[in-house]
Every structure is written in structure tokens, then in C-alpha cells.
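Visitor: Sequence and predicted structure, then a few things I'm wondering about:
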Amino acid sequence: MDAREVDELVKIFRGAKVTELSVTSGDSTVRLRKSLHAPAAPPRAPAKARATAPKPEPEIVETAAPESWITAPMVGVFHGSDKAMAAGSRVKAGEVVGAIESMKLMNDVVCEYDGVIVEIAVEDLMAVEYGHKLFRVDAA
């Protein structure tokens, strides 16, 4: 996918009534997720103060929790990855940790965090549903 196609997906996704979208085209996959909690609006300063106050620099915030779950993105049958995942295995964001077979198609399950697998909550060839917890990853 090129940048123009991704921009178009983002525009469509913003107006859609879905909270998560995964699109695969060739070898690339784009995953979009809306936050379920709207950020609180900051208090507004008086008009005079707003006009003279310098614009703050954007702040980068770490969003991954110290311990996070990799969950099933769809309903199907879980298949472990070629690389045997075990407690203590180190994973990187974007790494394939397994696949879910749905309607005779294999769909990769991708880790969203860098860290270490501390718990495996799924077995090979186990039926899973959307949101089913698969692996617990410690970001340490």
C-alpha cells in the first residue's frame, strides 16, 4: 500500500462506525484502531491569554501498558507460528506470533508491542473468538 491509499483508508475509517480495522494488500497490512475513551477537553484559557500564549510542543506519550495482551482480531481457529512461542520468548512490535484460520484463509496475528511473552492463554488448533486473549506480553 502506498501513502495515498493509507490516507484514504484513514479518512474512511474516521467516518465509519467501527472501532478497529485491519486491511491487507499484498505483503503489507494496515491496522487502525479508535480509542474507546475520548480524551478530556483541556480547560480553555481566557481569550486574551490564548492570543499571547505560545503554542505548546506536541507531547509524545507512551501508550503501551507494562503488561498487555495480544488478542484475537477475529473468530476462527488459532495456529501457532513457525517460531515456537513460549513463556520467556522475546517479541518485537510487528512480529507474527500466530495465525487464525477463518473461512479457509489464514490471517496473521501480529504483536503490537516489544517485550517478553509471560503467559500463553491459547493452544494450537483452539477455536477463538474476537478479543480472545492469546498472549500476555510484558513490555519490560
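Guide: In hand now; what should we look at? Residues are numbered from 1 along each chain as shown.

Visitor: Longest helix in this structure, please.
Guide: Identified as the longest helix of the chain according to DSSP state H is helix 3-15.

Visitor: residue boundaries of the helices in this protein?
Guide: 3-15, 47-52.

Visitor: what sits up against the first one?
Guide: Pointing back at helix 3-15 there. Identification of contacts with helix 3-15 by Cβ atoms under 8 Å, 6 or more residues apart in numbering yields Leu21, Val23, Ser25, Val30, Leu32, Lys34. To be clear about C-beta, it is placed using only N, CA and C from the backbone, and glycine gets the same treatment.

Visitor: Now find how far off-centre stretch 94-113 is within its chain.
Guide: Centroid separation for stretch 94-113 versus its chain: 12 Å, with Cα atoms, centre = their mean, to the nearest Å.

Visitor: Could you list the buried residues of that stretch?
Guide: For stretch 94-113, a neighbour-count test (16 or more other Cβ atoms under 10 Å) marks Glu95, Val97, Gly98, Ala99, Ile100, Asn107, Val109, Val110, Cys111, Glu112, Tyr113 as buried.

Visitor: what do you get for stretch 68-79?
Guide: Ser68, Trp69, Ile70, Thr71, Ala72, Pro73, Met74, Gly76, Phe78, His79.

Visitor: now do stretch 132-140
Guide: Buried residues in stretch 132-140, counted by 16+ other Cβ under 10 Å: His132, Leu134, Phe135, Arg136, Val137.

Visitor: between those residues, which is nearest Ala86?
Guide: The shortest approach to Ala86 among these belongs to Phe135, at 10.3 Å (Cβ to Cβ).

Visitor: Mind listing the residues bridging to that closest one?
Guide: Ile70, Ile120 (DSSP bridges).
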